[in-house]
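Asks: Need coordinates for the below:
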Amino acid sequence: MRKFWLFSIACMALLMACEQGNQQNEGANIVLIDTLPFTYTMVEKTEQNAEVKDSMDLYTASISYPVVSGGALADSINALLQKTAFNNFSSAQQQVDSFVTTTAESHTSASFNGWYYSADVKILYNTPLLLSMEMQISEFTGGAHGSNVSLLYTLNNNGKQLQWADLLETNALPLLMRVNDSIMRKEQDMAAGATYQDAGFLLETDSLPLPQFYALTKDGLLMHYNQYEVTPYAMGLISYTIPYNQLSGILQKSWMP
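Replies: Modelled structure (predicted):
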């Protein structure tokens with residue numbers, strides 16, 4: 001039942017971003033401030049069970065994340081952490097404790113051995129104008145394989161999650177889609193004239209949608225497709241960066257380095 005949990009996290013996180021984008025107006029509200037200071041911390045928990053001889057069979061959970069405080073940007077980051085990496089618990093410790101304890105209390109069969117939850121949150125880009133971060137969340141709760149999802153966010157210094165309308169020049173979305181299509185085909189070594197269906201994509205047409213998760217980095221626009229977003233599980237996660245020199249006339253000048 002839990003194998004769709006990470007997919008639900010991705011959908012919920014995307015909905016949060018859209019709701020916040022509708023509530024706030026980008027534009028002239030940006031004020032230059034220092035980059036946000038942060039430190040990383042990690043919490044983890046491992047099942048204590050003397051009857052389990054192989055430590056790989058113990059239930060484990062761990063969360064590594066940035067600690068930030070003070071101001072609207074820090075508040076937005078902490079809210080995202082709580083809704084995603086902390087699985088709606090108020091702290092990382094509560095999430096790892098709950099995962100291990102609940103799993104151990106609910107399952108005793110050997111088929112449940114080795115269940116795990118892992119979240120690794122990194123700051124990718126930190127400037128006076130914006131901050132980008134990535135949440136890599138993986139878990140195994142039975143079945144043929146585990147699940148992995150990567151969530152990307154770019155926030156301005158007021159804490160607003162930036163959407164395409166905030167990042168792109170007017171009417172530039174079709175241009176970005178063409179550039180993205182070209183890079184994807186190169187990344188997948190697709191032959192000239194090949195369709196996405198030919199390449200094994202889960203697309204009904206030969207039009208590649210933009211990814212649900214993306215972020216600005218020091219090198220350009222990071223595009224990320226999660227499992228089942230456009231490809232089957234066997235093709236894995238797909239990530240690549242569109243360099244800034246290919247985003248001229250597409251990305252708003254205020255976001256260009």
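
Asks: When you work out contacts or count neighbours from here on, use the C-alpha atoms and nothing else.
Replies: Noted.

Asks: quick one: the strands in the stretch 51-200 of the chain?
Replies: Along the stretch 51-200 of the chain, counting by DSSP state E, counting those that start in this stretch, strands occupy 60-67, 116-126, 130-140, 147-156.

Asks: The shortest one pairs with which strands, and in what direction?
Replies: What that stands for is strand 60-67. Sheet partners assigned to strand 60-67 using DSSP bridges are listed as strand 39-46 (antiparallel), strand 116-126 (parallel).

Asks: try the third one
Replies: Strand 130-140 has its sheet partners listed here by DSSP bridges as strand 116-126 (antiparallel), strand 147-156 (antiparallel).

Asks: and it, how far from the chain's centre?
Replies: 4 Å (Cα atoms, centre = their mean, to the nearest Å).

Asks: List the contacts of it.
Replies: Residues outside strand 130-140 that contact it (Cα atoms under 8 Å, 6 or more residues apart in numbering): 6, 85, 114-126, 146-157, 215-217.

Asks: how about the helices in the stretch 51-200 of the chain?
Replies: 72-83, 92-106, 164-167, 173-187 (DSSP state H, counting those that start in this stretch).

Asks: any idea of the mean pLDDT for the last one?
Replies: Spelled out, it's helix 173-187. The predicted model gives helix 173-187 an average pLDDT of 98.

Asks: Next SSE downstream of it?
Replies: On the C-terminal side of helix 173-187, the nearest following helix or strand under DSSP states H and E is strand 213-216.

Asks: gap between that following strand and the chain center?
Replies: Per Cα atoms, centre = their mean, the centroid offset for strand 213-216 relative to its chain is 8 Å.

Asks: So for it, mean pLDDT?
Replies: Mean predicted lDDT for strand 213-216 stands at 99.

Asks: where does the stretch 101-250 of the chain have low pLDDT?
Replies: 108-112 (pLDDT under 70).

Asks: one more time with 80
Replies: 107-113, 144 (pLDDT under 80).

Asks: Let me see the mean pLDDT of stretch 74-87.
Replies: In the prediction, stretch 74-87 has an average pLDDT of 98.

Asks: Can you list the buried residues in that stretch?
Replies: Residues of stretch 74-87 classed as buried: A74, S76, I77, N78, L80, L81, Q82, K83, T84, A85, F86, N87 (neighbour count, 16 or more other Cα atoms under 10 Å).
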